[in-house]
Structure formats: C-alpha cells, structure tokens
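> make a model of this:
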Amino acid sequence: MRLVYRIVLHMSWALSLLLAAWAVLFYFTLIDEINDEVDDSLENYAEVLVRRSLAGRELPQAFSGSNNGYFLHDVSAEYAGSRRHMVYSDEEIFIPEKDEEEPARVLRMIFRDGEGNYKELTVMTPTIEKDDLQEAILRWMVCLYLFLLLTILLINVLVLHRTLRPLYALLRWLDGYIVGGRNAPLANDTNITEFRRLNEAASRYAERAESLFERQKQFIGNASHEMQTPLAVCRNRLEMLVDDGSALSEAQLGEILKVQRTLDYLVRLNRSLLLLSKIENGQFPEAEQVELNALVRRTAEDMGEIYAGRGMRFVLHEEQRLAALMNPSLAASLVTNLLKNAFVHGDAGGEVIVTVAAHELRVCNAGAQGPLDAEHIFERFYQGAKKEGSTGLGLSIVDAVCRLYGLRIGYAYINRCHCFTVHFPA
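Predicted coordinates for the structure are as follows:
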C-alpha cells in the first residue's frame, strides 16, 4: 500500500470517530438548549399562575387554545412530602382542542396556598417531536459527515501528493539506478529538510556503491590477468617435461597429463568467471544487429567436430530469420554455451535439435536421466550430473546475457529431451 493511501486510511478512521463523537455531543447539546428555553417559559408561566392563585384572583382557562395548558388540584401532605418541589419531564399530553396526544414539556410544581393546603400545579407546553428531531439530525449529520470526510480526505490526498513529490522523484531515481551504468544525476530540489537530507544520503550511498563497484571490477580484472600468467607458465613447463619424456616413467607422464587437464580446467574456469563478471558489470556496451541463424550454423559445425567422438547428430530447423541487437561476443557466447551444454550433457548417440524462429531460439538434447531442477539450473556451478570438461558456468553465462538484454530463457523436459528456449522481444 502506498504511503499516501495508508495515511489517508488512518486519518479516515480517526476522523470517523471524531465526527461521530461530535455528532452525539451536538445532538445532546441541542436538546439541552431547547429544554432550557422551554423550561424557562414553563417556570415563568407557573409563577404567574401560583401568584394569581395565592392572591385569590381568577385563573385563566386551563386550555384556552394557546400553546400552554395547566392542571391545578389539591394533594395530601404525604404526597407533597414524597415529591420534589419542581419536576420537569417529557410526556405525551392529551389536547382536548385537538382531540389527540402530542409530545409536551411538563412542569409539576407543589406549593401551599394561604390556608396551608398543598396544591400541585401541572404546567405543560407542546414541544418538538424528539424522535423526529433525532432522525432529522441523524440524517443531516450523516450527510454532513460524509461531505466533510470526503472533502477532508480529498484535500489531504492532494496536499500529501504535492508534499511527497520529492520522495516519489527519489524513488523513481533509485528504481532506475544501475551501479556502473549511465545514471542521470539526482535532480530533486526541495525545501523540505527531511527530503533534502534523504537526497543527500542517497547520493552519498550511490557514490560509495560506484566506488566499490569500480574497485571490485579492477580487482576481478587484475586477479584474472595475474592468474593467467602463472597458469600459462605451469602449462608450458609441464609441456616441456612431456616433450622430454625419456627422463620420465610412464606413471609420471600419466600424472603430468592429469595436472595438465586440471590446469586447462582452471584456465577455462578463470575465463568463464571473468566473462560473467564483465557481463554483470555491463562492460559490453557495443551492440549491433547479429543474425542468429548464421551464428548457430557456424557454432554447430565447430561443435560437431569437437564432439564427433560421442556420435551425436545435429539437426537444425530454420523456420524464420532471427536477428537481435546485441554485442557480437555475447551473442556468440550465448549460442556457444547453449550448444556446448547440449553436446556435453546430451546422451551419447543422441540428437541435438536446434529450432530458430522469428522470436525464439530453442536447443534440445536427449536426456534419459529425467528432468533437471528448473529452479536451480541457471545457478553457478550447478550440474545435474558432473561431466568432464564442464565448469558448471555455461548456463549461468547464458542467463546473465539474457538478463542483460531483457531476454527470457526457460527450461522444459519434453519427450525425454532437455529443452532450453530463449525468447526474444518482438
């Protein structure tokens, strides 16, 4: 979830609770204010009636068609003693003029007349339908609540989007940043202190990564170059010993040949690791249109001669012309490693079938041992079964080349054959 929407989600919960609490408080405050006004009116009317009753003057008609009405009757001392002097309440009162009951605010007041008798005066006035008022307030509060909530959230989304523009710009720059590549400078001017410090930190770490990358690249190149010289010297000295075979026994010559094979393996391993490192470091910027059909034919011819002793047959199906914008050396490495993998790991006497289509290169070889682990087949030094002459880096190089040029490579076991398919973009 994006940061803006997460903030908005939390704000919506907080605002919902806040507005709900405000609505409840507003309703009870409004009702209390209405009751206060009505109660003051009832109390004034009750005082007028009590003064007229105590003065012995004639009281007005109980229900004269006005809003107010009253009842006055005698009560016992016991009743008066058990009641409060003034009691306000909301009741349904029957209105004779309307012949119906209506909600009213009622004041009951107990007082003593000039003769010491207790009387109870009940004064009432019609009031609002509080249930209707509650429904109306609830309806309008919900409308107001939704309007305010949506408006506040919309404003916050706009403000947050505008405020977080420097963060989004930094994220886009980091997403497109490639160590060792041609990266655009970080142009992200902002007056916000936190974002400015974040930009500075990102720039520092990018510079540090570039420095480490350059040192690593130099180390790998220097190490590979320095290893080639002692390996070549050892091979030459062993060849000199083999040439002077009269001084060596047959067993010694056999051991020397084993050492030579080991050195050859180290040389190939060193070259493969160096090539992998160069591919991953992006040290092959040159690119041109490479025709894969001709490259496959040339490579297959060389491979057929090298592995003729295994009795394998090469079959090429050229359905369409396949060309790609690639570095020629890497294109050759891609095809060579795919074909070499098929010849080395294929069953002796079997077939190596290559299909070239408009956007696809497929290499299949017979493999009766069963499918390989598709999740690990492209990992370095992974081999289903150890083969002499294999460094375990061929498919890793193929995968690195595919990732460099945005190609997709897949593996499948079809009809007792291992098939590797490289998909080129249309």
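> and the next helix or strand past the helix or strand containing Tyr79?
In the assignment (DSSP states H and E), Tyr79 maps to helix 77-81. Proceeding N to C from helix 77-81, the next assigned helix or strand is strand 86-95, under DSSP H and E.
> for that next one, output the C-alpha coordinates as CSV.
Extracted C-alpha coordinates of strand 86-95, given in CSV (Å, rounded to 0.1, in the frame of the first residue of the first chain):
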residue,chain,number,x,y,z
MET,A,86,-40.3,21.2,40.9
VAL,A,87,-40.0,18.4,38.3
TYR,A,88,-39.6,18.7,34.6
SER,A,89,-40.4,15.8,32.2
ASP,A,90,-41.2,14.9,28.6
GLU,A,91,-44.7,13.3,28.3
GLU,A,92,-47.5,12.7,25.8
ILE,A,93,-50.3,15.0,26.8
PHE,A,94,-53.9,14.8,25.5
ILE,A,95,-55.0,18.1,24.0
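> which strands and helices sit next to it?
With contacts taken as 3 or more Cβ pairs under 8 Å, 6 or more residues apart in numbering; DSSP states H and E, strand 86-95 sits against helix 3-54, strand 100-112, strand 118-126. Yep, even glycine has a C-beta here, placed from its N, CA and C like the rest.
> so which elements touch the last one?
Okay, so that is strand 118-126. Helices and strands touching strand 118-126, by 3+ Cβ pairs under 8 Å, 6+ apart, are helix 3-54, strand 69-74, helix 77-81, strand 86-95, strand 100-112.
> list the contacts of that strand.
Strand 118-126 is contacted from outside by 38, 41-42, 45-46, 49-50, 53, 67-77, 79-80, 83, 91, 93, 95, 102-113, using Cβ atoms under 8 Å, 6 or more residues apart in numbering.
> if we can go back for a sec, which one of the helices and strands packed on strand 86-95 lies closest to Leu263?
helix 3-54 (57.2 Å; Cβ to Cβ).
> pLDDT of the closest one, averaged?
Taken as a whole, helix 3-54 carries a mean pLDDT of 80.
> check stretch 74-83 too.
84.
> buried set for that stretch?
Within stretch 74-83, the residues scored as buried using 16 or more other Cβ atoms under 10 Å are Ala80.
> which of the contacts of strand 118-126 count as buried?
Listed as buried from the contacts of strand 118-126 are 38, 41-42, 45-46, 49-50, 53, 68-70, 72, 80, 93, 104-111; burial here means 16+ other Cβ under 10 Å.
> so where is the stretch 201-350 of the chain shaky, pLDDT-wise?
Scanning the stretch 201-350 of the chain for pLDDT under 70 picks out 220-221, 224-226, 244-248, 265, 272, 280-284.
> helices along that one, start to end?
Secondary structure of the stretch 201-350 of the chain, counting by DSSP state H, counting those that start in this stretch: helices at 250-280, 292-306, 328-345.
> point out the most buried one among the ones you listed.
Highest mean neighbour count of the helices of the stretch 201-350 of the chain: helix 328-345, a mean of 21 (counted as mean count of other Cβ atoms under 10 Å).
> okay, the angle between that helix and helix 292-306?
Interaxial angle, helix 328-345 versus helix 292-306 (axes from the mean of the first three to the mean of the last three Cα atoms, to 10 degrees): 40 degrees.
> just checking, what packs against helix 328-345?
Counting by 3+ Cβ pairs under 8 Å, 6+ apart, helix 328-345 packs on strand 288-291, helix 292-306, strand 351-356, strand 360-366, helix 394-405, strand 417-423.
> using PDB, write down the CA coordinates of the fifth one.
Right, helix 394-405. Written as PDB, here are the backbone C-alpha positions of helix 394-405 (Å, rounded to 0.1, in the frame of the first residue of the first chain):
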ATOM      1  CA  GLY A 394      27.700 -22.300 -19.100                       C
ATOM      2  CA  LEU A 395      24.000 -21.800 -18.300                       C
ATOM      3  CA  SER A 396      24.900 -19.100 -15.800                       C
ATOM      4  CA  ILE A 397      26.600 -17.200 -18.600                       C
ATOM      5  CA  VAL A 398      23.500 -17.700 -20.800                       C
ATOM      6  CA  ASP A 399      21.200 -16.400 -18.000                       C
ATOM      7  CA  ALA A 400      23.400 -13.400 -17.500                       C
ATOM      8  CA  VAL A 401      23.400 -12.500 -21.200                       C
ATOM      9  CA  CYS A 402      19.600 -12.900 -21.300                       C
ATOM     10  CA  ARG A 403      19.100 -10.600 -18.200                       C
ATOM     11  CA  LEU A 404      21.500  -8.000 -19.700                       C
ATOM     12  CA  TYR A 405      19.300  -7.700 -22.900                       C
END
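> ok now that helix, how far from the chain's centre?
Per Cα atoms, centre = their mean, to the nearest Å, the displacement of helix 394-405 from the mean C-alpha position of its chain is 28 Å.
> buried sites along that helix?
394-402, 404-405.
> any idea which of those residues is closest to Leu186?
Leu404 (24.7 Å).
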